[in-house]
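Chemist: Everything below, folded, please.
(one chain, ligands or ions: 1)
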Amino acid sequence: PVPPEGSEANRQSYASTLVDQLRANDYRLEEGRVTLVMARMFGFCWGVDKAVEIVQDALAAFPNRQIWLVNQMIHNPAVNQDLISRGIKFIKGTYSDGQGFAAVSKDDVAIIPAFSSAVEEILELEKIGCEVIDTTCPWVLKPHLRTKRNIEAGFTTLIHATLGHDETRATCSLITHEKGKYLVVRDLDETQLVIDFIRGANTAEDLMKALGNAASPDFDPEKDLTQVALINQTTMLASESREIGKRVQDVMIERYGEDAIKEHFRDFDTICNATQDNQDAMLNLVDKENLDLMIVVGGFESSNTKNLARIAWKKVPTYHIEDSNDLSPDQVRHLPVDSYESVTSQDWLRSEGPLCVGFTAGASTPDTKLAEVIAKVTELAGESLSPTK
Ligand code: SF4
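Modeler: From the prediction side, this is the model:
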């Protein structure tokens, strides 16, 4: 059930006047030697916006009941901390106190995040009998529905995704629950292992040695890779997902022939519109503007933010940071592309001469956090935003 509407003030708490002004000013500001340029699409997507709104409505509607999130609401530390400060608790994940479902009572309210939750977790909530509010994004539900049809037709699901990401955990759990099989590939290199197996260039044992931890229980490559349906986590790099689809289709044609391809391969592009729009805007920005550096703001666990940085770094020095605290005059803490650990780099900001800095933010980054970063970069460059900005 969807709770009654909450206050507009709550809903607006992640908006920023500075970012709104940048939007109104053709996504650009000039302050002394510094030019600040924004990607034309960035930040909170429709699904996150809606989920945040529902959570805030729940806070207003159930002031005397404990509200739980099954897991991280979205991959943004500031938003999750903000929810904790408003009394929300987390059942699982980074922000949980470790008690899990044992701490939830039937008088409580539990919220399923935008990424969705594993089937076992949803069943656990049903068993407890608490009020359940589902904020699963429709873009996440779409591949779930398609996957059920593919399983009925006997297809194994090949998922282009980050293993362990909440959305992918939910998808894998659904497939197992529906008695289907899955294999997760992170990138083109891992896909090549699958292609080599289908082509007969490596053995089932080799494949399982490399990707066994990314496969469903009892996965048998000989049997389970004869009919393959490809989907992708909604926030992957769209160009990479399409290339994976093309290469897997090619090898299936090579193996089974063009006439039989429909019986052996299905492809369903499940990148969401918001991800696609933000990636297109990122590419457009680094292609068209003569940037000295690019700042990408978003949680280090955020898949869509990482992929924005992957697009930018090929063309311009790029720093994926979580918030303005990562920036100081001499150094920046950031997550390098394709890395799991943040690092600190020196001399990231030129101290003299004209400076053109690009900005974007992941789908789980509120405008308030982006605005703090823009203001800090301007200040560290020795300029200040004029009062109207
Ligand atoms: S990034 Fe896409 S799939 Fe994820 S919550 Fe936003 S709109 Fe939904």
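
Chemist: going forward, measure contacts and count neighbours with C-alpha atoms only.
Modeler: OK.

Chemist: what's the domain layout of this protein?
Modeler: 8-45+273-380, 53-137, 139-267 (automatic domain parsing).

Chemist: need the ones you listed in JSON lines with mean neighbour count, can you?
Modeler: Output for the domains of the chain, formatted as JSON lines (neighbours: other CA atoms under 10 Å):
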{"stretch": "domain 8-45+273-380", "mean neighbour count": "19"}
{"stretch": "domain 53-137", "mean neighbour count": "18"}
{"stretch": "domain 139-267", "mean neighbour count": "19"}
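
Chemist: So for I133, what pLDDT did the model give?
Modeler: Note on I133: pLDDT of 96.

Chemist: can you confirm it is in a strand?
Modeler: Yes: counting by DSSP: H, G, I helix; E, B strand; the rest coil, I133 is found in a strand.

Chemist: Report the beta-bridge partners for it.
Modeler: I111 (DSSP bridges).

Chemist: thinking again about what came up before, can you redo the domains of the chain as JSON lines with distance to the ligand?
Modeler: Below are the domains of the chain laid out as JSON lines (distance: least, CA to the nearest ligand atom, whole Å):
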{"stretch": "domain 8-45+273-380", "distance to the ligand": "5"}
{"stretch": "domain 53-137", "distance to the ligand": "5"}
{"stretch": "domain 139-267", "distance to the ligand": "5"}
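
Chemist: Kindly reformat those domains as CSV containing distance to S386.
Modeler: Shown next, in CSV, are these (distance: least, CA to CA, whole Å):
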stretch, distance to S386
domain 8-45+273-380, 8
domain 53-137, 26
domain 139-267, 36
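
Chemist: Quick check, the residue in the stretch 251-389 of the chain closest to the ligand?
Modeler: C272 (4.6 Å; CA to the nearest ligand atom).

Chemist: separation between that residue and G43?
Modeler: 14 Å (CA to CA, to the nearest Å).

Chemist: for the residue of the stretch 251-389 of the chain closest to the ligand, phi and psi?
Modeler: phi -80, psi 160 (degrees, to the nearest 10).

Chemist: my guess is it meets T234, correct?
Modeler: Yes: using CA atoms under 8 Å, C272 is in contact with T234, at 5.2 Å.

Chemist: Okay, and I295 sits in which element?
Modeler: strand 293-297 (DSSP states H and E).

Chemist: What strands line up against that strand, and which way round?
Modeler: strand 318-321 (parallel), strand 355-361 (parallel).

Chemist: Tell me how far the last one lies from the chain's centre.
Modeler: So the one you mean is strand 355-361. Chain-centre distance of strand 355-361: 21 Å, with CA atoms, centre = their mean, to the nearest Å.

Chemist: got it, and stretch 295-304?
Modeler: The answer for stretch 295-304 is 8 Å, by CA atoms, centre = their mean.

Chemist: tell me the mean pLDDT over it?
Modeler: 94.

Chemist: What of stretch 51-58?
Modeler: 91.

Chemist: by contact count, what packs against the helix or strand I54 falls within?
Modeler: Per DSSP H and E, I54 falls inside helix 46-61. Helices and strands touching helix 46-61, by 3 or more CA pairs under 8 Å, 6 or more residues apart in numbering; DSSP states H and E, are helix 8-11.

Chemist: What average pLDDT does the next helix or strand after the helix it packs on get?
Modeler: Next helix or strand after helix 8-11 toward the C-terminus (DSSP H and E): helix 17-24. Mean pLDDT, computed over helix 17-24, is 95.

Chemist: where along the stretch 101-250 of the chain do the strands fall?
Modeler: 109-112, 131-134, 156-160, 182-185, 228-232 (DSSP state E, counting those that start in this stretch).

Chemist: Give me the helices and strands touching the last one, please.
Modeler: When contacts are defined as 3+ CA pairs under 8 Å, 6+ apart, strand 228-232 packs onto strand 156-160, strand 265-267.

Chemist: ok now do I198, which residues does it touch?
Modeler: When contacts are counted by CA atoms under 8 Å, 6 or more residues apart in numbering, I198 touches 225, 251-252, 255.

Chemist: Single out the residue in the chain that lies closest to the ligand.
Modeler: G47 (3.8 Å).

Chemist: So that residue sits against C137, correct?
Modeler: Yes: look at G47 against C137 with CA under 8 Å: they come within range, at 5.1 Å.

Chemist: Common neighbours of the two, please.
Modeler: A114.

Chemist: Residue ranges in the protein under the pLDDT threshold?
Modeler: 1-12, 387-389 (pLDDT under 70).

Chemist: Please report how far A371 lies from I122.
Modeler: A371 is 37 Å from I122, by CA to CA.

Chemist: related to what we said a few turns ago, which one among the contacts of I198 gets closest to E205?
Modeler: L225 (13.5 Å; CA to CA).

Chemist: how about the closest residue to the closest one other than its chain neighbours, what does it touch?
Modeler: Nearest residue to L225, sequence neighbours excluded (CA to CA, 6 or more residues apart in numbering): T156, at 6.8 Å. Applying CA under 8 Å, 6+ apart to T156 gives the contacts 150, 180-183, 224-225, 227-229.

Chemist: what does A274 give?
Modeler: So, once contact is read as CA under 8 Å, 6+ apart, A274 ends up touching 45-46, 363.

Chemist: Let me know the angle separating the helix or strand containing it from strand 355-361.
Modeler: Per DSSP H and E: A274 is located in helix 273-288. Interaxial angle, helix 273-288 versus strand 355-361 (axes from the mean of the first three to the mean of the last three CA atoms, to 10 degrees): 170 degrees.

Chemist: got the CA positions of helix 273-288 in PDB?
Modeler: C-alpha atoms of helix 273-288 as PDB (Å, rounded to 0.1, in the frame of the first residue of the first chain):
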ATOM      1  CA  ASN A 273      16.100   5.500 -19.800                       C
ATOM      2  CA  ALA A 274      17.600   7.600 -17.000                       C
ATOM      3  CA  THR A 275      20.900   5.700 -17.100                       C
ATOM      4  CA  GLN A 276      21.000   6.000 -20.900                       C
ATOM      5  CA  ASP A 277      20.200   9.800 -20.800                       C
ATOM      6  CA  ASN A 278      22.900  10.500 -18.200                       C
ATOM      7  CA  GLN A 279      25.400   8.500 -20.100                       C
ATOM      8  CA  ASP A 280      24.600  10.300 -23.400                       C
ATOM      9  CA  ALA A 281      24.800  13.600 -21.600                       C
ATOM     10  CA  MET A 282      28.200  12.700 -20.100                       C
ATOM     11  CA  LEU A 283      29.500  11.700 -23.500                       C
ATOM     12  CA  ASN A 284      28.200  14.900 -25.100                       C
ATOM     13  CA  LEU A 285      29.900  17.000 -22.400                       C
ATOM     14  CA  VAL A 286      33.300  15.500 -22.700                       C
ATOM     15  CA  ASP A 287      33.100  15.500 -26.500                       C
ATOM     16  CA  LYS A 288      31.900  19.100 -26.900                       C
END
